[in-house]
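Visitor: Sequence unavailable; structure follows:
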C-alpha cells in the first residue's frame, strides 16, 4: 500500500472506491492518503471478493469509520453497490464523482505534492469507458477547470467525435463492430463488408449492419480506446475477438514506428457549444493509404488523437494535465509531455489510480 503525505487539512476520514475496470481503493486520514490498487477487473467475482475483503480488513485493522465514501458515476458499477452498503453500515455520506474528472484530479493531485496550486487549469482525459453527465459514454475529453474558494467550476470544452458501438459492450469484445460503424460514415455498404468480410459471414454482417441502421442497442461514445480498437482491426494487428480488454490497443502500440504527418480535423459544434475532434477523417486517411506501411499508420492514428485534443487544450494558455488509461500510451504521452503537459509518475494513470483522484477532487472542492 502506498502512502502520500498531502497538504489537505480536512479532518474527515474519507474512503474512495475507484472504478470497476481496475479495482483500487484509497483512504484519507490525518492529511495522508493510503492507496492500494492491483485488484484487476471487478467484474471478475474473485477479484471483487478480494477487493471488498481488503477494504473491510483495512478499515477494521485501523479502527476506521469513514464519514464520506466516494464512488464513480456509472450506475452499474459493482464498486458503487459496495459503496452504498458501506455508507449505510458506517452512516456515511455517499458522493459520486464523474470518471474523467477523477482522472484529471489524479494527475493534478500528484502535481500538488511538489508544486503550488493552479487555480485554473486544463484537463485532458482519454480512456475506454466513462459515464458522462449526458449519460453517454465518454473517453476522449478536454475540460477547463477553475477552483475558487474550494468550489470547483468546470466546462467540457472538447471531445472526440461520437461514434456508435454496435451492441454496446459487445464492441469491446468484438472491436470490428466499432469499425463497421465508423466505416459506415463514409463508405457504401458493399465497401464496409469488403473491409470486414474475413471476420463475418454475409448473414452475420447483414444482422450487424441492420442493427446499426436501426440504432438498436447501439451506444454513442467519444472513447479514445474504442477508436484505437477499430484502427487495430483495420490494420490487421488484432482479430475480431480480443483475448483481453486492452489487447487491440497494446498490439497497436507495440507495432507502431514513425507516424505520417497529418493534421487533425476539428470543428466547433454550435449545438453542444464545444469543439469536436473528428475521428472519421482519420479512417478515411487510413483507408486511402491502407497499402502504406501499417506500422507507420498505427503510429499516425495515436498521434492524430493526441494532437487533436491538445490543439484545443493549448488555446486556453493554462497548465494542462493528461490522465486516463490512454496516458500510458507512449506515443500520446510523449507527444504531450514534450509540449509541457503534466502526466502522473507516482500514481497509476488509469483506473487503478482513480480512487486517489476521487479523494483529491473532493478535498479540493470541499
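Guide: Thanks, I have the structure now. What you see is a predicted model, and the numbers here were worked out from it, not measured in a lab.
Visitor: alpha carbons only for contacts and neighbour counts from here, please
Guide: Noted.
Visitor: Stretch 343-361 - what's its average pLDDT?
Guide: In this model, stretch 343-361 carries a mean pLDDT of 94.
Visitor: any idea how far it is from the chain center?
Guide: 12 Å (C-alpha atoms, centre = their mean, to the nearest Å).
Visitor: Give me the distance between the two termini of it.
Guide: 17 Å (C-alpha to C-alpha, to the nearest Å).
Visitor: same check, this time on stretch 6-20
Guide: For stretch 6-20, the end-to-end distance is 26 Å (C-alpha to C-alpha).
Visitor: same check, this time on stretch 182-189
Guide: 12 Å.
Visitor: contacting residues around that stretch?
Guide: 163-164, 192, 280, 283-284 (C-alpha atoms under 8 Å, 6 or more residues apart in numbering).
Visitor: Including pLDDT and secondary structure, could those residues go into JSON lines?
Guide: Compiled in JSON lines, the contacts of stretch 182-189 are given as follows (pLDDT from 0 to 100; DSSP: H, G, I helix; E, B strand; the rest coil):
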{"residue": "163", "pLDDT": "97", "secondary structure": "strand"}
{"residue": "164", "pLDDT": "97", "secondary structure": "strand"}
{"residue": "192", "pLDDT": "97", "secondary structure": "helix"}
{"residue": "280", "pLDDT": "98", "secondary structure": "helix"}
{"residue": "283", "pLDDT": "98", "secondary structure": "helix"}
{"residue": "284", "pLDDT": "98", "secondary structure": "helix"}
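Visitor: ok, the residue nearest to residue 8 when sequence neighbours are not counted - contacts?
Guide: Excluding the flanking residues, the one nearest residue 8 by C-alpha to C-alpha, 6 or more residues apart in numbering is residue 31, at 5.4 Å. Contact analysis of residue 31 by C-alpha under 8 Å, 6+ apart lists 5-11.
Visitor: The strand or helix carrying residue 355: how far from the chain's middle?
Guide: With secondary structure defined by DSSP states H and E, residue 355 is part of helix 354-364. Relative to its parent chain, helix 354-364 has a centroid offset of 16 Å by C-alpha atoms, centre = their mean.
Visitor: Show me what that helix is in contact with.
Guide: 8, 10, 14-19, 24-26, 28, 33, 35, 70-71, 97, 99, 101-107, 109, 147, 150-152, 347.
Visitor: Give the PyMOL command for selecting the buried subset of the residues you listed.
Guide: The PyMOL command for the buried members of the contacts of helix 354-364 (criterion: 16 or more other C-alpha atoms under 10 Å) is given here:
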select buried, resi 14+15+16+17+18+19+24+25+26+28+33+35+70+71+97+99+101+102+103+104+105+106+107+109+147+152+347
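Visitor: What about the contacts of helix 354-364, which are in strands?
Guide: 14-16, 24-26, 28, 33, 35, 70-71, 97, 147, 151-152 (DSSP state E).
Visitor: so how far is stretch 86-94 off the chain centroid?
Guide: For stretch 86-94, the distance to the chain centre is 28 Å (C-alpha atoms, centre = their mean).
Visitor: One more: stretch 244-254?
Guide: Chain-centre distance of stretch 244-254: 15 Å, with C-alpha atoms, centre = their mean.
Visitor: again, but for stretch 273-291
Guide: Worked out by C-alpha atoms, centre = their mean, stretch 273-291 lies 20 Å from the chain centre.
Visitor: Stretch 339-348 now?
Guide: Counting by C-alpha atoms, centre = their mean, stretch 339-348 comes out at 15 Å from the chain centroid.
Visitor: dump the residue contacts of the spatially most central residue of the chain.
Guide: Nearest residue to the geometric centre of the chain (C-alpha atoms, centre = their mean): residue 127, 2.3 Å. By C-alpha under 8 Å, 6+ apart, the contact set of residue 127 is 139-140, 223-225, 324-326, 350.
Visitor: Buried residues of the longest helix seen in the chain, list them for me.
Guide: Determined from DSSP state H, the single longest helix within the chain is helix 294-313. Neighbour counts over helix 294-313 (16+ other C-alpha under 10 Å) mark 294-295, 297-310, 312-313 as buried.
Visitor: can you list the domains in this structure?
Guide: 2-113+346-364, 163-343 (automatic domain parsing).
Visitor: OK, contacts around residue 83?
Guide: Here residue 83 is in contact with 17, 69-71, 94 (C-alpha under 8 Å, 6+ apart).
Visitor: if we go to 7 Å?
Guide: Residues near residue 83 by C-alpha atoms under 7 Å, 6 or more residues apart in numbering: 69, 71.
Visitor: pLDDT score assigned to it?
Guide: pLDDT at residue 83 comes out at 96.
Visitor: Please shift the residue numbers so they start at 54 in all later answers.
Guide: Happy to do that; since the first residue is 54 now, the last one works out to residue 136.
Visitor: Figure out the helix or strand that it lives in.
Guide: helix 131-143.
Visitor: How far does that helix sit from its chain's centre?
Guide: Counting by C-alpha atoms, centre = their mean, helix 131-143 comes out at 24 Å from the chain centroid.
Visitor: tell me which residues of that helix are tucked away?
Guide: Using 16+ other C-alpha under 10 Å as the test for burial, helix 131-143 gives 132-133, 136-137, 139-140.
Visitor: and these as TSV, adding distance to residue 211?
Guide: Below are those laid out as TSV (distance: C-alpha to C-alpha, whole Å):
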residue	distance to residue 211
132	29
133	28
136	31
137	32
139	36
140	35
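Visitor: biggest separation within those residues, which pair?
Guide: 132 and 140 (12.0 Å; C-alpha to C-alpha).
Visitor: ok so, going back, pipe the contacts of stretch 235-242 into TSV and attach distance to residue 416 and neighbour count per row.
Guide: Output for the contacts of stretch 235-242, formatted as TSV (distance: C-alpha to C-alpha, whole Å; neighbours: other C-alpha atoms under 10 Å):
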residue	distance to residue 416	neighbour count
216	35	22
217	36	22
245	49	20
333	39	19
336	42	22
337	45	16
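Visitor: All set, thanks.
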